[in-house]
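1. I need the structure of the sequence given here:
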Amino acid sequence: MPAVQERTRAADGTELAFQVGGRGRSLVLLAGQDNNHHWWDGVREDFEHAHRTITLDYRGTGASGKPDEPCSTAGFADDVIAVLDALGIDSADVYGTSMGGRTAQWLAINHPARVRRLVLGCTSPGGPHAVERDAAVRRALAQPDRRAAEQALLELMYSPAWLAEHHGPRTVLGDPDMPPHARRHHLAASNDHDAWGRLADLRARTLVLHGADDRMTPPENADLLASRIPDARAHVLPGLRHAYFHAGRPAASRLVAEFLTG
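-> Residues are numbered from 1 along each chain as shown. Okay, here's the model as predicted:
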């Protein structure tokens, strides 16, 4: 059964669209930068036999409001709390990837009672301690030819072998209906993220996942996060890039499911 979309409002009144599917212990799934809940299409189903999955459209994406105002990863975490409050959920498991992993860090740091177990995928602590993508990657993503930039993003997400066997849909390439001001605010929120000084305060049991061939967010960040978060463990998946959760879906989803239920 497909997820059902519902709506609530953030503390500042911005409308938030969220989607609920499955049954069992609540699991919040947080997407990457510039993306809506479709980031998780084809993956959330792996958890719905044991979890009630909850996604949301970040402000600026999907069916949520699109105010032309600065945002932050900590602010996105507060929006998640608004969704949990609307559903009457006291505590949930949280799985965040890319910018969603940055948001998930603040969710667990600022709202510790609301996060039971935490999975951080293809993400980083941000700030000066993070290992950043190299200049060639930044140039490829910033090139003015949109088709070339999209192809570069696709190749950062998936290996050539995977792309040769899978011709779509491409649900991790950004919300096509996102207005330019929202893209700017998302980029700033992701770039400004720096949770390094607070990661040692994180108390949720944590699993860190990463693709070994990820150039978008280099895999060294997995070890940085695991070394900084108390009792966290990292698992780097060989041969996979930024969208390891799609390309390595069976193994990645199994690792997450075992961690959440073990």
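
2. average pLDDT for the longest helix along the chain?
-> Across the chain, the longest stretch assigned as helix under DSSP state H is helix 73-87. For helix 73-87, mean pLDDT rounds to 98.

3. so which elements touch the helix or strand following that helix?
-> Following helix 73-87 in sequence order, the next helix or strand is strand 92-97 (DSSP states H and E). In terms of contacts (3 or more C-beta pairs under 8 Å, 6 or more residues apart in numbering; DSSP states H and E), strand 92-97 is packed against strand 25-30, helix 99-110, strand 115-121. In this view, the C-beta of every residue, glycine as well, is placed from N, C-alpha and C.

4. mean neighbour count, the ones you listed: which tops it?
-> Each of these was scored by mean neighbour count; the highest is helix 99-110, a mean of 27, by mean count of other C-beta atoms under 10 Å.

5. could you tell me the angle between that helix and strand 25-30?
-> Helix 99-110 runs at 120 degrees relative to strand 25-30, counting by axes from the mean of the first three to the mean of the last three C-alpha atoms, to 10 degrees.

6. packing partners for helix 99-110?
-> When contacts are defined as 3+ C-beta pairs under 8 Å, 6+ apart, helix 99-110 sits against strand 25-30, helix 73-87, strand 92-97, strand 115-121, helix 180-192.

7. contact partners of the fourth one?
-> To tie it back to what came earlier, the one meant is strand 115-121. For strand 115-121, contacts defined as C-beta atoms under 8 Å, 6 or more residues apart in numbering pick out 25, 91-98, 100-101, 104-105, 107-108, 202, 204-210, 225, 244-245, 252, 256, 259-260.

8. what about it, distance to the chain center?
-> Relative to its parent chain, strand 115-121 has a centroid offset of 11 Å by C-alpha atoms, centre = their mean, to the nearest Å.

9. give the pairing partners of that strand; include direction for each.
-> Take DSSP bridges as the rule and strand 115-121 pairs in its sheet with strand 92-97 (parallel), strand 205-211 (parallel).

10. again with the first one
-> When pairs are called by DSSP bridges, strand 25-30 turns out to pair with strand 51-56 (parallel), strand 92-97 (parallel).

11. tell me the buried residues in the helix or strand where residue 138 lies?
-> Per DSSP H and E, residue 138 falls inside helix 135-142. Neighbour-count burial for helix 135-142 flags 137, 140 (criterion: 16 or more other C-beta atoms under 10 Å).

12. returning to that earlier point: now render the helices and strands packed on strand 92-97 as CSV, adding mean pLDDT and distance to residue 195.
-> Formatted as CSV, the helices and strands packed on strand 92-97 follow (pLDDT from 0 to 100; distance: least, C-beta to C-beta, whole Å):
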stretch, mean pLDDT, distance to residue 195
strand 25-30, 98, 14
helix 99-110, 98, 4
strand 115-121, 98, 10
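
13. of all those, which one is nearest residue 160?
-> Closest of these to residue 160 is strand 115-121, at 21.9 Å (criterion: C-beta to C-beta).

14. still on that earlier bit, so which of the strands paired with strand 115-121 is the most packed in?
-> Of all the strands paired with strand 115-121, strand 92-97 has the most neighbours on average by mean count of other C-beta under 10 Å, namely a mean of 28.

15. tilt between that strand and helix 73-87?
-> Strand 92-97 runs at 140 degrees relative to helix 73-87, counting by the same axes, to 10 degrees.

16. and the strands paired with strand 115-121: which comes nearest residue 169?
-> Among these, the nearest to residue 169 by C-beta to C-beta is strand 92-97 (17.4 Å).

17. average pLDDT across the closest one?
-> In this model, strand 92-97 has an average pLDDT of 98.

18. residues in contact with it: which ones?
-> Strand 92-97 is contacted from outside by 25-32, 39, 51, 54, 80, 84, 102-105, 107-108, 114-123, 204, 245, 256, 260, using C-beta under 8 Å, 6+ apart.

19. backbone dihedrals for the residue lying closest to residue 261 once chain neighbours are set aside, both of them.
-> Among residues not flanking residue 261 along the chain, residue 50 sits closest, at 6.4 Å (C-beta to C-beta, 6 or more residues apart in numbering). Backbone geometry at residue 50, expressed as degrees, to the nearest 10, gives phi -130, psi -10.
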